[in-house]
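Peer 1: take a look and give me a structure for this.
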Amino acid sequence: MKELENVYPLPGMLTAAEVDCLFKLGQFKQSNGVIVEIGSWKGKSTAALALGAATAHNEFVYAIDPHKILPEEGYFEDTAAEFFANIERVGVQSRVVPMMMTSEEAARDWHKPIRVLWIDGDHRYESTKLDFSLWEAHLIEGGILAMHDTIRKEGPKRVLWEHVFRSGRFQEIAIVDNITAVRKVKRVSLGARLRNYLTLVLRAVYIAARKSSVPHSKEYGRKFLRRLTAQTWLPAMLWVFSTHLARS
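Peer 2: Okay, the predicted model is just below:
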């Protein structure tokens, strides 16, 4: 995407498709609420979310990351200078509210409703579960939860399975490489439940393909899963909620 040409080269663990995904999630406007990012590192995901938001609404991205060395929390690099330089380089500094603290510290006095919650912090199981537990309650009904490294890291994978897929409170699963995005609902419809099951089967096949010795199985499996979920259900996720609000 032309809008993201200055974001793609930034340091970070995001593929180009994942940057595109976050840009689209930043555009989500069919609700009141802010965008919250847990884990900014050097600002690549922050910039993608903020640029998306800038094209669709006036809300800010609250970027939560201590940006300093905290060995007990798993942080071993001071990234503050690069973070600020990168969001300024992309031109989104006025749309970002940096919160230079841990997720737990930021949650203590938090009171704003959240439209998009992006979790990409410490990937250990207990830390990921804590991030989810602290912040999911603030995600509005119809809002979007997106998590990174849900394919290759055991912590996010387990949290996603135990607290999202099995909860009966999320539908329209979209998968882009290592990002999984879902929409929070009061009750999952029968049709959505069936689509969820289909996506989980495809996801399991893809994870198996990643471990396969068959040439190109990982590459083609990733593209196939992205095409069947994200390219179809991510736009639908936004449209369905827009239609729901129009009727209410």
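Peer 1: from here on, contacts and neighbour counts on C-alpha atoms
Peer 2: Fine.
Peer 1: low-confidence stretches in the chain?
Peer 2: The chain contains residues with pLDDT under 70 at 72-75, 206, 208-248.
Peer 1: name the SS class of the most centrally placed residue in it, please.
Peer 2: In the chain, the residue lying closest to the centroid (CA atoms, centre = their mean) is Ala146, at 2.8 Å. Under DSSP: H, G, I helix; E, B strand; the rest coil, Ala146 falls in the strand class.
Peer 1: next: the one 10 residues further on.
Peer 2: Taking three-state DSSP as the rule, one finds Pro156 in the helix state.
Peer 1: correct me if wrong: it contacts Thr150.
Peer 2: Yes - under the criterion of CA atoms under 8 Å, Pro156 makes contact with Thr150 at 5.1 Å.
Peer 1: who touches the closest residue to Phe60 other than its chain neighbours in this structure?
Peer 2: Leaving aside its chain neighbours, Phe60 sits nearest to Arg95 (5.1 Å; criterion: CA to CA, 6 or more residues apart in numbering). With contact set as CA atoms under 8 Å, 6 or more residues apart in numbering, Arg95 has these partners: Ala50, Ala54, Glu59, Phe60, Val61.
Peer 1: about what we covered before: what about Pro156 and Thr150, which has more around it?
Peer 2: Higher neighbour count among Pro156 and Thr150: Pro156, with 28 against 23, using other CA atoms under 10 Å.
Peer 1: residues in contact with that one?
Peer 2: Pro156 touches His123, Arg124, Tyr125, Thr128, Lys129, Met147, His148, Asp149, Thr150, counting by CA under 8 Å, 6+ apart.
Peer 1: tally of neighbours for the fourth one?
Peer 2: Here the count is done by other CA under 10 Å, and Thr128 has 23 residues near it.
Peer 1: can you check Gly143 too?
Peer 2: 28.
Peer 1: is it fair to say it lies in a strand?
Peer 2: Yes - checked against three-state DSSP, Gly143 lies within a strand.
Peer 1: how near is it to Ser45?
Peer 2: 18 Å (CA to CA, to the nearest Å).
Peer 1: before we move on, the earlier item: was I right about the residue nearest to the centre of the chain contacting Phe132?
Peer 2: No - counting by CA under 8 Å, Ala146 sits too far from Phe132 to count as a contact (10.5 Å).
Peer 1: give me the distance from stretch 114-134 to the chain's centre.
Peer 2: 10 Å (CA atoms, centre = their mean, to the nearest Å).
Peer 1: could you do stretch 2-20 as well?
Peer 2: The answer for stretch 2-20 is 14 Å, by CA atoms, centre = their mean.
Peer 1: quick one: contacts of it?
Peer 2: 1, 41-45, 47-48, 51, 86, 89-90, 176-179.
Peer 1: so who does Gly143 touch?
Peer 2: Ser31, Ile114, Arg115, Val116, Leu117, Arg183, Lys184.
Peer 1: mind listing what's buried in the helix or strand containing Val116?
Peer 2: Element membership for Val116, per DSSP states H and E: strand 114-119. Across strand 114-119, burial judged by 16 or more other CA atoms under 10 Å covers Ile114, Arg115, Val116, Leu117, Trp118, Ile119.
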